[in-house]
Structures are given as structure tokens and as C-alpha cells.
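Enquirer: I'd like to go over a predicted model; first the sequence, then the structure.
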Amino acid sequence: MIDAKDLTKRFGNFCAVDSISFHVPAGKIFGFLGPNGAGKTTTIKMLTTTLRPTSGTLSVGGFDPVREPMEARRSFGIVFQDPSLDSELTAYENMMLHAVLYDVPKSERADRIEHFLRFVELWERKDGYAKTFSGGMKRRLEIARALLHTPKVLFLDEPTLGLDPQTRNHIWGYIQGLAHNQKMTVLFTTHYMDEAERTADEIAIVDHGKIIAYGTPDTLKNQAQSTSLEEAFIRLTGQPIRDEEASATDRMRHFAKAWGGGSGRGGGR
């Protein structure tokens with residue numbers, strides 16, 4: 001359902017993603033992990049049509065995001081790392097706008113919106129403006145919105161950042177049910193290693209734009225001779241503290257500007 005082969009993204013002389021390949025079958029949950037600035041968000045941006053690869057091939061939901069961007073977009077839902085709600089709309093209006101854009105049948109819109117707002121426990125706040133919501137409430141609304149059109153593929157870029165453990169478990173339990181019962185394919189990034197260890201069927205660890213380890217959580221723990229995925233992650237990627245991903249974005253924008261803009265437009269992490 002998701003295929004990447006020799007996927008590469010360069011910004012001038014800077015290689016943000018360096019010839020990576022992976023495959024995620026239908027109904028599987030795939031963790032895409034790495035330190036800050038490793039290339040995770042840049043990869044997701046290429047998969048979701050917002051950034052054009054320098055080279056390599058892609059397939060998402062049976063479509064090529066480069067040659068068939070509209071078809072690819074309709075096949076997936078996404079929770080971006082950065083806020084993406086319209087702050088001047090209510091929770092209900094944000095959901096309705098998404099339903100219209102993704103051609104959710106008119107007869108089903110109200111029921112679906114109520115279902116997912118109740119799922120994230122925001123139904124009682126449906127008439128509240130997004131700009132008045134806390135960070136956690138906004139995140140829950142973004143997750144509800146991404147699920148509204150029942151996508152075949154779901155991309156989650158640090159979806160549970162800032163959520164309490166109970167909410168994280170509630171959301172992941174629901175997503176696991178969709179993956180296993182409705183064959184929805186999920187690719188997610190997270191810095192919560194316990195979350196990845198419990199949830200992912202397979203994991204790729206990426207660093208400096210390359211996949212440095214690939215397998216089930218148990219395979220990665222065995223490879224690193226560790227007792228937890230967090231310990232394995234640290235052993236595989238090293239101890240030094242990394243710059244924030246925003247700094248990596250700034251560096252790539254600098255390279256893109258020096259290179260003349262063009263294919264560098266859009267940034268990445």
C-alpha cells in the first residue's frame with residue numbers, strides 16, 4: 001500500500017533523504033523513527049505530494065504521488081507535525097470543510113462528524129473555535145479530521161505529541177482496530193519509543209537521511225542487544241543530542257535558496 005524505492009531528496013549539496021527503500025503492506029502499522037533532523041518529515045512530505053523527490057519512485061494507495069497527486073491525496077489522511085486547523089472555524093466547521101473537500105457523501109457527513117468528534121471527546125465543544133482550544137484539543141481534532149473520509153492510508157507525523165497517556169492509548173487502540181479490521185495502512189513518526197514498541201508491526205530507523213535499521217520491534221532489540229526499543233534506538237543512532245528539527249529545516253532552506261529555490265521549495269525535516 002506504501003512503496004518507496006531509492007527515494008532521494010536533495011537541497012543543493014545537502015541530501016536530506018538518501019536513497020531509502022521500504023514497503024508497507026495493507027493493514028500494517030509502520031513506525032518511521034529517527035532523531036531530530038534525520039529526514040522523517042521530508043519523507044512524509046514526498047509521500048503526501050507536498051514535496052517533489054529528487055529521484056526514486058513512490059506509490060501510495062496504488063497511485064504515484066508525483067504523476068497522480070490528486071488521486072494519491074484522496075487515498076490518504078494525514079496528521080501533520082505542524083498545526084493545520086483553520087483557527088477561525090469551529091471544530092464542527094473544520095470537520096465539515098474536510099468532508100466537503102474529500103467528497104464524503106452529503107447524507108453521511110453529519111453522522112461521521114459526530115462519530116469522530118465523540119471519539120476524540122470533542123463533541124461537546126463542536127461549536128468552539130479552534131483558536132480557543134488547547135494544544136492537546138487541537139491535536140485530537142486533527143486526528144478526527146484525518147479519519148473522517150475513511151482513508152486507505154493514514155500518515156501520522158508525531159500525532160500524540162502533547163497528549164496525556166490515557167488519550168494516547170485510546171487513539172492508538174482505535175487506529176490499531178482500523179488497521180487490523182479494515183486493512184487501513186498506517187505510517188507514523190514518534191519520539192515515544194514505548195508507543196512505537198507497542199503499536200508498530202515493523203519499524204525503520206532513519207538517521208542522516210538513510211535507513212540504518214529495519215524490522216519488527218523484537219528484531220531491532222535483538223540487533224542492538226537491548227531490552228527495550230528506546231535502548232535499541234539510542235544504541236543505533238548514538239548518544240549526542242541533536243539540533244531541533246526546525247534548525248534542520250532552516251539549513252535546508254538555506255541550501256535551497258543558494259541553489260536557486262525551485263525544487264527546494266517546501267522545506268523539510
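Expert: Noted; the coordinates are in hand. Residues are numbered from 1 along each chain as shown.

Enquirer: mind checking the SS state of residue 36?
Expert: Recorded secondary structure, residue 36: coil (DSSP: H, G, I helix; E, B strand; the rest coil).

Enquirer: Neighbours of it, how many?
Expert: 16 (other CB atoms under 10 Å). For every residue, glycine as well, the C-beta is placed using N, CA and C.

Enquirer: The nearest residue to residue 28 once chain neighbours are set aside: what's it in contact with?
Expert: The shortest distance from residue 28 to any non-neighbouring residue, by CB to CB, 6 or more residues apart in numbering, is to residue 201 (4.6 Å). Contact analysis of residue 201 by CB atoms under 8 Å, 6 or more residues apart in numbering lists 28, 29, 30, 216.

Enquirer: Next one, pLDDT for residue 201 please.
Expert: pLDDT, residue 201: 97.

Enquirer: and it, what are its phi and psi?
Expert: Here is the backbone geometry of residue 201 (degrees, to the nearest 10): phi -80, psi -40.

Enquirer: what's the spacing between it and residue 142?
Expert: According to CB to CB, to the nearest Å, residue 201 and residue 142 sit 24 Å apart.

Enquirer: How about residue 50?
Expert: 16 Å.

Enquirer: got it, and residue 116?
Expert: Distance from residue 116 to residue 142, counting by CB to CB: 11 Å.

Enquirer: again, but for residue 238
Expert: Distance from residue 238 to residue 142, by CB to CB: 32 Å.

Enquirer: before we move on, the earlier item: out of the contacts of residue 201, the closest to residue 91 would be?
Expert: residue 29 (26.7 Å; CB to CB).

Enquirer: Kindly state the beta-bridge partners for the closest one.
Expert: Judged by DSSP bridges, the bridge partners of residue 29 are residue 186.

Enquirer: mind listing the helices for the stretch 151-269 of the chain?
Expert: 165-182, 193-199, 217-224, 229-237, 245-259 (DSSP state H, counting those that start in this stretch).

Enquirer: Can you tell me which of the ones you listed is nearest to residue 205?
Expert: helix 229-237 (5.7 Å).

Enquirer: quick one: buried residues of that closest one?
Expert: Buried residues in helix 229-237, counting neighbours by 16 or more other CB atoms under 10 Å, are found at 229, 230, 232, 233, 235, 236, 237.

Enquirer: Could you find the closest non-adjacent residue to the first one?
Expert: If I follow you right, that is residue 229. Using CB to CB, 6+ apart, the closest residue to residue 229 is residue 197 (4.0 Å).

Enquirer: Neighbours of that neighbour, how many?
Expert: Using other CB under 10 Å, residue 197 has 20 neighbouring residues.

Enquirer: that older thread, residue 238 and residue 142 - which one has more neighbours?
Expert: residue 142 (22 against 9).
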